[in-house]
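In: I would like to see how this sequence folds:
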Amino acid sequence: MPVNNAIADQAEDMRQWRHFLHSHPELAFQEHKTADFIAEKLESFGVEVHRGLAGTGVVGVIRGRGDSQRMIGLRADIDALPIHEENACEHKSQHSGVMHACGHDGHTAMLLGAARHLAENRHFEGSVVVIFQPAEEDGGGGKVMLDDGLLTQFPVETIWGMHNWPGLDVGQVMIHRGASMAAADSFDIKLTGRGGHAAMPHETADPIYAAAALIQALQSVVSRRLNPFDAAVVSITQCHSGFTHNVIPDEAFIQGTARYFNPDLGQKIRTDMEQIINQVASAHGCSAQFDWIDGYPPTINDAAAAERAALAAADVLGSGSVVMDPPPSMGAEDFSYMLEARPGAYIWLGAGHPGDGAMLHNARFDFNDELLPLGASYWVSLVERELGTGG
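Out: This is a model prediction of the structure:
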């Protein structure tokens, strides 16, 4: 099917919902008014509503025709970012320093639109669980929902996600049969030397000098220790030390992130970094403390589920609009936790090419409302393919 006519007819409603959400953004685990709005809409559609998972999470259950016990999950993220919006649109953020700069307002509106259509028609067997997840940007709300019993309370057999993707034409989707987005671990390094007078460096063990050498040496992890066919990134993002012009300090601090798709590769990066850190520190008369912080795991689609997602997207957009297995992103996504727990697929829905270059996480980003009926129609097509039309 092309864009569902009934969904196209509610495009204006979805636009209004999206603009309301954009005007009232809330940060991770603070999405109280957002959750109220979602729950009120779902209840008005006749959807069974459950609240409280991960604090501000909202789950709706839409039961189809027949007595099938099959159940699938559709997920949208609902949190905003700590960015001061620079747009001048009427629906710009009313909360200073907080904005929907990643399109979660649009993701929520699309899933609400699909939920209304599914509740009104119920052309499927089994049940659809619509999952409105908090804290994707910060806090791993997806994992918190799982820890709070999401899949125990709602035992879905598959789970599905979607993200708008600026830079890809509207009306196109990209789907991976495997890794879609990277893991996002971080690390802290503390170098301890022996401070002293800046005019007498020979009497010190300079941690700043050691930090400079270490920052360069850590680049060899990817460039010289990994197979060139193994995609990975090690980026130093912070370096702090000292407090005045004429004192060599006792300590220096380095922080950064590591990205990869293969968990075994992540362990190798960690091991190699620890070896390099200790050796470089020792060579400069310093000691080192290395802390690795596990972040979101890689987002890995089930290959068979990705194929089925492609068919559902082709129903709406045409087979020529589905791009399979493009290069994955080194960005990260906490839907990865849900894909570790259940098979499913995460797709990228083309959002066009912003003329001002306002991509995701930019202060001038605004979700493209043209996507609303496309995304909602994809959800409906996916449900009907996965659960059947119920006769």
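In: mind giving me the domain split of the chain?
Out: Domain assignment of the chain by automatic domain parsing yields the ranges 5-181+298-387, 183-296.
In: among these, which is the most enclosed?
Out: Sort the domains of the chain by mean neighbour count, taking mean count of other C-beta atoms under 10 Å, and domain 5-181+298-387 sits at the top with a mean of 20. Bear in mind the C-beta positions are built from the backbone N, C-alpha and C, glycine included.
In: Averaged pLDDT, it. What do you get?
Out: The predicted model assigns domain 5-181+298-387 a mean pLDDT of 97.
In: Could you tell me which other helices and strands the longest helix along the chain packs against?
Out: When the chain is scanned for its longest helix (criterion: DSSP state H), the result is helix 263-283. Here helix 263-283 touches strand 183-192, helix 207-218, helix 220-224, strand 232-241, strand 251-260, strand 287-296, going by 3 or more C-beta pairs under 8 Å, 6 or more residues apart in numbering; DSSP states H and E.
In: closest to residue 379 out of these?
Out: Each of the helices and strands packed on helix 263-283 was checked against residue 379 via C-beta to C-beta, and the shortest separation belongs to strand 287-296, namely 23.4 Å.
In: Each with direction, which strands does the closest one pair with?
Out: Within its sheet, strand 287-296 is paired with strand 183-192 (antiparallel), according to DSSP bridges.
In: Direction included, what does the next helix or strand along the chain from the strand it pairs with pair up with?
Out: Sequence order places strand 196-197 as the next helix or strand after strand 183-192, per DSSP states H and E. With DSSP bridges as the criterion, the sheet partners recorded for strand 196-197 are strand 247-248 (antiparallel).
In: And the contacts of the partner strand?
Out: Outside of strand 247-248, the residues within contact range by C-beta atoms under 8 Å, 6 or more residues apart in numbering are 193, 195, 196, 197, 198, 201, 204, 206, 208, 242.
In: distance of the last one from residue 211?
Out: When distance is defined by C-beta to C-beta, to the nearest Å, residue 242 is 10 Å away from residue 211.
In: So what's the gap between the longest helix of the chain and the chain middle?
Out: For helix 263-283, the separation from the chain centroid amounts to 27 Å (computed by C-alpha atoms, centre = their mean, to the nearest Å).
In: Only alpha carbons, please: show it as CSV.
Out: The C-alpha coordinates for helix 263-283 follow below in CSV (Å, rounded to 0.1, in the frame of the first residue of the first chain):
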residue,chain,number,x,y,z
PRO,A,263,31.7,-6.5,21.4
ASP,A,264,34.9,-8.6,21.1
LEU,A,265,36.5,-5.6,19.4
GLY,A,266,35.4,-3.4,22.3
GLN,A,267,37.2,-5.7,24.7
LYS,A,268,40.4,-5.6,22.6
ILE,A,269,40.3,-1.7,22.5
ARG,A,270,39.9,-1.6,26.3
THR,A,271,42.8,-4.0,26.9
ASP,A,272,45.1,-2.3,24.4
MET,A,273,44.3,1.1,25.8
GLU,A,274,45.1,0.0,29.3
GLN,A,275,48.5,-1.4,28.2
ILE,A,276,49.4,1.8,26.4
ILE,A,277,48.3,4.1,29.2
ASN,A,278,50.4,2.2,31.8
GLN,A,279,53.5,2.1,29.6
VAL,A,280,53.4,5.8,28.6
ALA,A,281,52.7,6.9,32.1
SER,A,282,55.6,4.8,33.4
ALA,A,283,57.9,6.1,30.7
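In: quick one: contacts for the spatially most central residue of the chain?
Out: Using C-alpha atoms, centre = their mean, the residue of the chain that lies closest to the mean C-alpha position is residue 333, 2.7 Å off. With C-beta under 8 Å, 6+ apart as the criterion, the residues that contact residue 333 are 136, 161, 163, 180, 181, 296, 299, 346.
In: Touching, the first one and residue 104? I think so.
Out: Yes. In this structure residue 136 lies within contact range of residue 104 using C-beta atoms under 8 Å: 7.0 Å.
In: Correct me if wrong: residue 372 contacts residue 109.
Out: Yes. Under the criterion of C-beta under 8 Å, residue 372 lies in contact with residue 109, with a separation of 5.9 Å.
In: if I look at residue 281, how far off is residue 254?
Out: Applying C-beta to C-beta, one obtains 11 Å for the distance of residue 281 from residue 254.
In: Look up the residues that both of the two are in contact with.
Out: If you check residue 281 and residue 254 against C-beta under 8 Å, 6+ apart, the residues they both contact are 191, 214.
In: May I see the contacts of strand 247-248 organised as TSV, with distance to residue 10 and pLDDT added?
Out: Formatted as TSV, those follow (distance: C-beta to C-beta, whole Å; pLDDT from 0 to 100):
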residue	distance to residue 10	pLDDT
193	64	98
195	66	98
196	70	98
197	72	98
198	68	98
201	70	97
204	69	98
206	65	98
208	60	98
242	59	98
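In: quick one: which of these is nearest to residue 388?
Out: Using C-beta to C-beta, residue 208 is the member of the contacts of strand 247-248 that lies nearest residue 388, at 65.2 Å.
In: Before I go, just wanted to say thanks for your time.
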